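>>> With the input below, show me the fold.
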Amino acid sequence: MSPPIHVLHVEDNPEFASMTETWVERRSEAIRITREASPTEALDRLGDHQPDCIVSDYQMPGMTGVELLSAVRESHPDLPFILFTSESVEDVADDALAAGVTDYLQKDTGTEQYGLLANRIEHAVARRRAETGYRQLLKTTPTPVVVVDPDAGTVVDTNDLFADLVGETRDELLDTSLAELLDEPASDGIEARLQAVANGESSHRGVAGRRFSGRCT
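Here you go, the predicted model:
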């Protein structure tokens, strides 16, 4: 069973907030909703307990949903944030995307909207958990790893071990051509070590090189 999904719902209309909590939790056994009536209270709660996702209205006293999103992004750049608002998508989309919104959904009549919201929450949290797991794996794997775009042949990600191996930082390696990197002269033996890793031979620091390969994601 998947771990529970803790959602902070920021909504100043108590009746709608209660209805959202009831119907969303009926649609998904994994979701648990905590309600806050104001953005300020939501930010205070966020300082003590980080949820898996924030769902927020747009028009609220003192702060809009996009302003709340901007404040959240300062300390939680990757936290899933869904705008659930009666405003038309066209009216809020540009500002919301610029502030880093994960998704947005327009309020509607009927109960179908709650099932749709539950799906959006589950998908957003699943993506974040997968990305977090990938980052942790990349950080802790004991071998040099480079991820290459299969079409362009450029580096899209790497771990610190690979960056150390070639004497660059991760940021410097992004978007560079792996083929050119392998072909560059290297007086300190970097080229030979890279070729050994690519061929599945023993790699830098004595780590088996087959784990570093041309496989792309």
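
>>> Show the low-confidence segments of this protein, by residue range.
1, 183-217 (pLDDT under 70).

>>> From residue 43, how far out is the residue most central in space within the chain?
Residue closest to the average C-alpha location in the chain (CA atoms, centre = their mean): residue 128, at 4.2 Å. Using CB to CB, to the nearest Å, we find residue 128 at a distance of 20 Å from residue 43. In this view, the C-beta of every residue, glycine as well, is placed from N, C-alpha and C.

>>> Pull out the buried residues from the lengthiest helix in the chain.
In the chain, taking DSSP state H as the definition, the longest helix is helix 112-140. Neighbour-count burial for helix 112-140 flags 113, 114, 117, 118, 120, 121, 122, 124, 125, 128, 138 (criterion: 16 or more other CB atoms under 10 Å).

>>> And the helices in the chain, which stretches?
Going by DSSP H, the chain shows helices at 14-27, 39-48, 65-75, 89-99, 112-140, 160-166, 170-173, 178-183, 190-198.

>>> got the domain boundaries for this protein?
Following automatic domain parsing, the chain resolves into domains at 5-139, 146-211.

>>> now do the same end-to-end measure for the first one.
Distances were taken as CA to CA, to the nearest Å; on that basis the terminal residues of domain 5-139 are 25 Å apart.

>>> quick revisit: and the residue nearest to the centre of the chain, what does it touch?
Contacts for residue 128 (CB atoms under 8 Å, 6 or more residues apart in numbering) come out as 52, 78, 79, 80.

>>> Now the two most distant members of those.
52 and 78 (11.3 Å; CB to CB).

>>> Same drill for the two, tell me which one is more crowded.
More crowded of residue 52 and residue 78, by other CB atoms under 10 Å: residue 52, with 22 against 13.

>>> Nearest to residue 105 among the helices of the chain would be which one?
Short answer: helix 112-140, nearest of the helices of the chain by CB to CB, at 5.8 Å.

>>> Next, the angle from the closest one to helix 14-27.
With axes from the mean of the first three to the mean of the last three CA atoms, to 10 degrees defining the directions, helix 112-140 sits at 70 degrees from helix 14-27.

>>> between the helices of the chain, which one is nearest to residue 148?
helix 178-183 (5.2 Å).

>>> Okay, buried residues for that closest one please.
178, 181.

>>> list the helices and strands that helix packs on?
helix 190-198 (3 or more CB pairs under 8 Å, 6 or more residues apart in numbering; DSSP states H and E).

>>> Please look at residue 89 and residue 104 and confirm they touch.
Yes. Taking contacts as CB atoms under 8 Å, residue 89 lies within contact range of residue 104: 6.2 Å.

>>> more crowded one of these two?
Using other CB under 10 Å as the criterion, residue 89 and residue 104 rank with residue 104 on top: 21 against 12.

>>> For the residue nearest to that one when sequence neighbours are not counted, give the beta-bridge partners.
Leaving aside its sequence neighbours, residue 104 sits nearest to residue 83 (CB to CB, 6 or more residues apart in numbering; 3.9 Å). Beta-bridge partners for residue 83, by DSSP bridges, are residue 56, residue 104.

>>> Sounds good, over and out.
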